[in-house]
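Colleague: okay, structure incoming, though there's no sequence with it:
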Ligand code: TRP
Ligand code: SF4
């Protein structure tokens, strides 16, 4: 799809952690699968990001990358509907990261909440590195290099998108200024055609004089959907709406993913580091076995003891998987000791096993055919690179680095 097509661009990345589990699925992947049919989506393996904390031992990185891609395909990401690629195969991410690093105040990075948090959580590793501090800026480059409109992420990543917006604004402020900006805007307006130019002017006026955000949105859409404008004119007309100059890098917005609480088998949050996961491609019998022994309300010791669904991790799974009727059946009978825990788990086990079966079956084709997976990724990397290259050309030109 053309970069200025009407369908907004969505981008998100995931660190390669190897085989994914239900926590990863409900936390992000399931949402990506839905989004691919609504937007122009780019999803990538954030392998450089993995190095920011895992630089010492890289021996499993390659395997983790491919296993994760197979899980994505198994979960239903469709290479015909979205673009799948690997970060390190698009070196423009690194070039933009470097250029942005020149103008990003250190304080912005030190202030990002994950910086200190993660250093404390991963105390066994030495994270007093340049790369780890720069992690959010690398993420900014990931986002900005595709002129991304929406970034689907969970709560924990909001600060990273926020800093991305600040970096874009700063870049546009520094390099979007042109001495003859207003004249160039006038010329660009002629390209719009008389009717659209009039509409643009009245929307801009409504925004600037009355602060009407809706008019600003409409004006953006008017420009973004226009296929006749060259990129630089499009940037000028977008920039003129706020009156700052050209918009070379687009400020992205968070598309907040509703992330349900996915409990692990021991009742803590499902996480690879706790060893309490259910893998997306695990053997169904093994999945059923694990669920049968999963932690329940610790107060429910005997079958005759009533339980409290709100204190039971199994019930959190009911919240994700079960119909309201089943949920009520489970909660009601838990409180009155009307059913045993195994009975309560039965419908859940059926649902989860069925879901995992589907993923496993879809993944099998890719497991059996690594070349197919590599082909999908190669194609995705090429497509991503075309977009990233175009942005870098704009960026270099704006910064005065066009000489070759
Ligand atoms: N930082 C994200 C995470 O840990 C992964 C990521 C890297 C990302 N680059 C991105 C997400 C760009 C969205 C957009 O989950
Ligand atoms: Fe949990 Fe269900 Fe047992 Fe209640 S009956 S403690 S909700 S598993």
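Modeller: Structure's in. What do you need? Here the structure is a predicted model, which means the values were calculated and not measured. Ligands and ions are numbered 1, 2, ... in the order given.
Colleague: looking at the stretch 101-250 of the chain, which residue is nearest ligand 2?
Modeller: residue 154 (25.7 Å; Cβ to the nearest ligand atom). Heads up, the C-betas are built off the backbone N, CA and C, glycines and all.
Colleague: so residue 144 sits against residue 170, correct?
Modeller: No: using Cβ atoms under 8 Å, residue 144 is not in contact with residue 170, being 11.4 Å away.
Colleague: of those two, give the one with the bigger neighbour count.
Modeller: Set side by side, residue 144 and residue 170 show more neighbours around residue 144, with 27 against 16, by other Cβ atoms under 10 Å.
Colleague: low-confidence ranges in the chain?
Modeller: Applying pLDDT under 70 to the chain flags residues 1-6, 123.
Colleague: for ligand 1, what are the nearby residues on this protein?
Modeller: Among all residues of the chain, those adjacent to ligand 1 (criterion: Cβ under 6 Å from any ligand atom) are 11-15, 46, 49, 139, 142-143, 151, 153, 157.
Colleague: out of these, flag the one nearest to residue 193.
Modeller: Closest approach between the residues of the chain next to ligand 1 and residue 193, by Cβ to Cβ: residue 11, at 31.3 Å.
Colleague: the closest one: neighbour count?
Modeller: 25.
Colleague: return the residues in contact with the spatially closest residue to residue 74 that is not a sequence neighbour.
Modeller: Nearest non-adjacent residue to residue 74, counting by Cβ to Cβ, 6 or more residues apart in numbering: residue 363, 3.0 Å away. Residues counted as contacts of residue 363 (Cβ atoms under 8 Å, 6 or more residues apart in numbering) are 70-71, 73-74, 280-281.
Colleague: make JSON lines out of the residues you listed and add neighbour count and distance to residue 291.
Modeller: Formatted as JSON lines, those follow (neighbours: other Cβ atoms under 10 Å; distance: Cβ to Cβ, whole Å):
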{"residue": "70", "neighbour count": "23", "distance to residue 291": "23"}
{"residue": "71", "neighbour count": "24", "distance to residue 291": "20"}
{"residue": "73", "neighbour count": "21", "distance to residue 291": "25"}
{"residue": "74", "neighbour count": "24", "distance to residue 291": "20"}
{"residue": "280", "neighbour count": "24", "distance to residue 291": "15"}
{"residue": "281", "neighbour count": "21", "distance to residue 291": "16"}
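Colleague: show me what residue of the stretch 301-404 of the chain gets nearest to ligand 1.
Modeller: residue 384 (12.4 Å).
Colleague: quick revisit: show me the residues of the chain next to ligand 1 that map onto strands.
Modeller: Among those, the members found in strands (DSSP state E) are 11-14, 151, 153.
Colleague: what are the structural domain limits within this structure?
Modeller: 9-175+250-260+369-398, 181-242, 281-366 (automatic domain parsing).
Colleague: quick one: the nearest residue to residue 338 once chain neighbours are set aside from residue 326, how far?
Modeller: Leaving aside its sequence neighbours, residue 338 sits nearest to residue 332 (Cβ to Cβ, 6+ apart; 7.1 Å). Distance from residue 332 to residue 326, counting by Cβ to Cβ, to the nearest Å: 11 Å.
Colleague: same thing with residue 242?
Modeller: 51 Å.
Colleague: contact partners for residue 189?
Modeller: Applying Cβ under 8 Å, 6+ apart, the residues near residue 189 are 197, 200-201, 237.
Colleague: which two of these have the greatest separation?
Modeller: Pairwise distances across those (Cβ to Cβ) peak at 10.7 Å, for the pair 201 and 237.
Colleague: of the two, who's got more company?
Modeller: Just comparing residue 201 and residue 237: by other Cβ under 10 Å the higher neighbour count belongs to residue 237, 27 against 14.
Colleague: just put the contacts of residue 189 in TSV and tack on distance to ligand 2.
Modeller: Below are the contacts of residue 189 laid out as TSV (distance: Cβ to the nearest ligand atom, whole Å):
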residue	distance to ligand 2
197	63
200	58
201	61
237	57
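Colleague: tell me which residues in stretch 35-49 are buried?
Modeller: For stretch 35-49, a neighbour-count test (16 or more other Cβ atoms under 10 Å) marks 35-36, 39-49 as buried.
Colleague: which of the helices or strands spans residue 62?
Modeller: Element membership for residue 62, per DSSP states H and E: helix 61-75.
Colleague: ah, wrong one, I meant residue 148
Modeller: For residue 148, there is no enclosing helix or strand under DSSP H and E.
Colleague: ok, of the buried residues of stretch 35-49, which one's closest to ligand 2?
Modeller: residue 35 (32.1 Å).
Colleague: quick check: that closest one touching residue 8?
Modeller: No: shown here, residue 35 and residue 8 do not form a contact pair, counting by Cβ under 8 Å, at 10.6 Å.
Colleague: thinking again about what came up before, which neighbouring elements make contact with the helix holding residue 62?
Modeller: On a contact count with 3 or more Cβ pairs under 8 Å, 6 or more residues apart in numbering; DSSP states H and E, helix 61-75 meets helix 30-35, strand 40-45, helix 47-53, strand 82-86, helix 341-367, helix 370-399.
Colleague: contacts only, for whatever residue of the chain ends up closest to ligand 1.
Modeller: Nearest residue of the chain to ligand 1: residue 13, at 3.4 Å (Cβ to the nearest ligand atom). Shown in contact with residue 13 (Cβ under 8 Å, 6+ apart): 43-46, 49, 87, 139, 142.
Colleague: kindly report the same for residue 334.
Modeller: Here residue 334 is in contact with 297, 300, 306-309, 312, 315, 344 (Cβ under 8 Å, 6+ apart).
Colleague: swap in 10 Å and give it another go.
Modeller: With Cβ atoms under 10 Å, 6 or more residues apart in numbering as the criterion, the residues that contact residue 334 are 296-297, 300, 306-312, 314-315, 318, 340-341, 344.
Colleague: secondary structure element for it?
Modeller: Secondary structure assignment for residue 334, by DSSP H and E: helix 324-335.
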